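>>> Return atomic coordinates for the entry below.
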Amino acid sequence: MVLFVVRRGKLIKNTYSPPLIRTITQKLRIGRAFYVLLLFVPISILLFLFSKEDTLIFLTSILAIIPLARIMGYSTKEISLQTNPTISGLLSATFGNAIELIIAIFALRAGLIEVVQASIIGSIIGNILFLVGISIFAGGLRHKTQRFNNETIGVSSTMLIIVVAGLAIPSVYYVLTPQSSVHIQLLSAAVAIVMTLIYIAGLVFSLRTHRDLFDASDEMKATHEKPMMSKRFAALTLLVTFLVVSIESELLVGAIEHAAAAIGITQMFIGLVVIALITNIAEISTAIHFAREDKLDVSIEIGLSSAIQISLFVVPILMLVSSVFVLNFSLVFPPFAILAVMLAVLIVNYLSADGRCNWLEGAQLISVYCIIAIAFFFIA
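Model (predicted):
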């Protein structure tokens with residue numbers, strides 16, 4: 001807080017922070033820009049209460065979610081630094097994509113299934129192409145050639161091929177046998193169960209039986225980073241942020257339809273690009289940081305693991321919620337969305353095969369993401 005006092009007829013700036021605010025800012029080191037963006041939390045709520053201007057509510061709630069995503073990611077990391085790898089992995093799985101899950105559940109309740117499907121596809125290709133691409137690009141500007149563990153990436157790449165199968169099979173079945181569409185919910189539920197089981201198997205593989213293959217965690221330990229928060233304070237911060245995110249997500253979802261029409265963009269584009277990017281802003285900034293420090297293993301693992309979590313963890317939860325509340329969500333995605341995921345997985349598999357990369361390969365990944373985003377802009 002900045003106060004101004006008058007001393008001997010002169011206006012003097014006096015910097016003062018109340019004890020509570022000073023304690024929070026010392027422990028919650030998310031960056032000044034994110035603190036500024038937190039102002040949009042009360043602004044969006046006030047607009048909802050007194051204005052009802054959907055476009056402004058939509059824009060301010062998006063800006064409000066960005067710092068909230070950063071705080072959730074920071075709090076989860078603080079708890080992870082004080083727990084064993086197994087608990088850390090479970091926390092990452094639970095809260096790593098929590099905001100996407102919250103927004104998707106509110107969107108399902110509102111009947112915006114197209115937005116939910118687009119946000120799922122957008123998060124997958126955004127993490128694979130944009131997050132990994134911009135990390136490689138940023139790291140390549142500082143380091144001519146960077147190396148990473150292609151054995152670890154190979155495991156994640158195989159998981160991503162399973163993702164393609166899990167999303168494509170129900171969609172192809174629906175197209176080829178439309179007369180059997182009555183079974184599509186059952187098929188989607190069965191596929192979601194298999195996806196959940198293989199995701200759990202992947203956690204056991206990476207956190208227990210074959211931990212030695214995944215040396216990204218060793219690189220993070222090598223930084224000797226110490227937690228800034230106690231587990232209790234971090235858990236309380238996570239809980240409060242979770243509640244605020246729920247409020248902002250409801251405001252965002254409630255304004256999507258009118259805002260899309262007013263701005264002149266489709267709901268699919270909002271889900272695929274806007275929501276997918278803002279909910280992953282914390283992971284993107286973290287991945288860029290590690291890439292610049294020549295720890296590209298960590299950056300790539302962040303991107304691929306997040307894409308895997310979305311498809312093998314978040315999607316099954318959405319299927320469960322849809323089944324319980326009869327919300328008609330299934331794994332039938334538009335053909336172009338499936339094609340986008342297939343291209344993303346194919347390209348990242350090819351570029352990561354030799355275990356080394358440079359800034360141009362990062363730019364290539366980003367260019368593919370931009371091409372897909374542009375194409376979705378024109379899809380009604």
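>>> C-alpha only now, for contacts and for neighbours.
Fine.
>>> Just give the number of residues close to Asn227.
I think there's a mix-up here, since residue 227 is Pro and not Asn. Pro227 sits with 16 neighbouring residues when counted by other C-alpha atoms under 10 Å.
>>> I'd say it and Gln82 touch.
Yes - using C-alpha atoms under 8 Å, Pro227 is in contact with Gln82, at 7.3 Å.
>>> In the stretch 51-200 of the chain, where is pLDDT below threshold?
Applying pLDDT under 70 to the stretch 51-200 of the chain flags residues 84-94, 180-181.
>>> in it, which spans are strands?
Assigned by DSSP state E, counting those that start in this stretch, the strands in the stretch 51-200 of the chain fall at 146-147.
>>> Now name the helix or strand holding the nearest residue in space to Thr266 that is not next to it in sequence.
Nearest non-adjacent residue to Thr266, counting by C-alpha to C-alpha, 6 or more residues apart in numbering: Ala260, 5.8 Å away. Here Ala260, judged by DSSP states H and E, is contained in helix 231-263.
>>> Tell me the pLDDT of the residue nearest the centre of the chain.
Closest to where the C-alpha atoms of the chain average out (C-alpha atoms, centre = their mean) is Asn280, at 3.3 Å. With respect to pLDDT, Asn280 scores 85.
>>> List the contacts of it.
With contact taken as C-alpha atoms under 8 Å, 6 or more residues apart in numbering, Asn280 is in contact with 69, 97, 123, 127.
>>> of all those, which comes closest to Leu167?
Ser123 (13.9 Å; C-alpha to C-alpha).
>>> That closest one and Ile270: what is the separation?
12 Å (C-alpha to C-alpha, to the nearest Å).
>>> Who has more neighbours out of those two?
For Ser123 and Ile270, the more surrounded residue by other C-alpha under 10 Å is Ser123, and the numbers stand at 32 against 22.
>>> Other residues contacting the helix or strand encompassing Glu283?
Assigned by DSSP H and E, Glu283 belongs to helix 281-292. Here helix 281-292 makes contact (C-alpha under 8 Å, 6+ apart) with 66, 69-70, 73, 131-132, 134-136, 138-140, 142-143, 296, 298-300, 302-303.
>>> my read: Gly140 touches Arg147, true?
No - look at Gly140 against Arg147 with C-alpha under 8 Å: they stay out of range, at 10.5 Å.
>>> In terms of neighbours, single out the busier of those two.
Neighbour count, other C-alpha under 10 Å: between Gly140 and Arg147, Gly140 has more, with 23 against 15.
>>> who's in contact with Leu272?
Counted by C-alpha under 8 Å, 6+ apart, Leu272 has contacts 115, 118-123, 373, 376.
>>> quick one: secondary structure of it?
Using DSSP: H, G, I helix; E, B strand; the rest coil, the secondary structure recorded for Leu272 is helix.
>>> returning to what we had before: report all helices and strands that the helix holding Ala260 contacts.
Applying 3 or more C-alpha pairs under 8 Å, 6 or more residues apart in numbering; DSSP states H and E, one finds that helix 231-263 contacts helix 40-50, helix 54-80, helix 98-109, helix 267-269.
>>> what's the angle from the longest one to helix 98-109?
Note on geometry: by axes from the mean of the first three to the mean of the last three C-alpha atoms, to 10 degrees, helix 54-80 and helix 98-109 are set 140 degrees apart in direction.
>>> Centre of the chain to helix 54-80, how far?
11 Å (C-alpha atoms, centre = their mean, to the nearest Å).
>>> now for it, which elements pack on it?
By 3+ C-alpha pairs under 8 Å, 6+ apart, helix 54-80 packs against helix 32-37, helix 40-50, helix 85-95, helix 231-263, helix 276-278, helix 281-292.
>>> how about those helices in a markdown table, adding distance to Glu151 and mean neighbour count?
Output for these, formatted as a markdown table (distance: least, C-alpha to C-alpha, whole Å; neighbours: other C-alpha atoms under 10 Å):
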| stretch | distance to Glu151 | mean neighbour count |
| --- | --- | --- |
| helix 32-37 | 36 | 13 |
| helix 40-50 | 43 | 17 |
| helix 85-95 | 19 | 17 |
| helix 231-263 | 33 | 18 |
| helix 276-278 | 28 | 22 |
| helix 281-292 | 18 | 21 |
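>>> With respect to Ile102, which of those helices lies nearest?
helix 231-263 (6.5 Å).
>>> how much does that closest one deviate in direction from helix 54-80?
Using the same axes, to 10 degrees: helix 231-263 against helix 54-80 is 160 degrees.
>>> Run the chain-centre distance for helix 231-263.
14 Å.
>>> try stretch 290-306
With C-alpha atoms, centre = their mean, you get 14 Å for stretch 290-306.
>>> Buried residues, that stretch. List them.
Buried positions in stretch 290-306, judged by neighbour count with 16 or more other C-alpha atoms under 10 Å: 290-292, 294-306.
>>> just the CA coordinates of stretch 136-145, formatted as PDB?
C-alpha atoms of stretch 136-145 as PDB (Å, rounded to 0.1, in the frame of the first residue of the first chain):
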ATOM      1  CA  ILE A 136      12.000 -24.900 -26.500                       C
ATOM      2  CA  PHE A 137      12.100 -21.500 -28.300                       C
ATOM      3  CA  ALA A 138      12.800 -19.500 -25.200                       C
ATOM      4  CA  GLY A 139      15.500 -22.000 -24.100                       C
ATOM      5  CA  GLY A 140      17.000 -22.100 -27.500                       C
ATOM      6  CA  LEU A 141      17.500 -18.300 -27.600                       C
ATOM      7  CA  ARG A 142      19.900 -18.700 -24.700                       C
ATOM      8  CA  HIS A 143      21.300 -22.200 -25.400                       C
ATOM      9  CA  LYS A 144      22.300 -23.100 -29.000                       C
ATOM     10  CA  THR A 145      21.300 -26.800 -28.500                       C
END
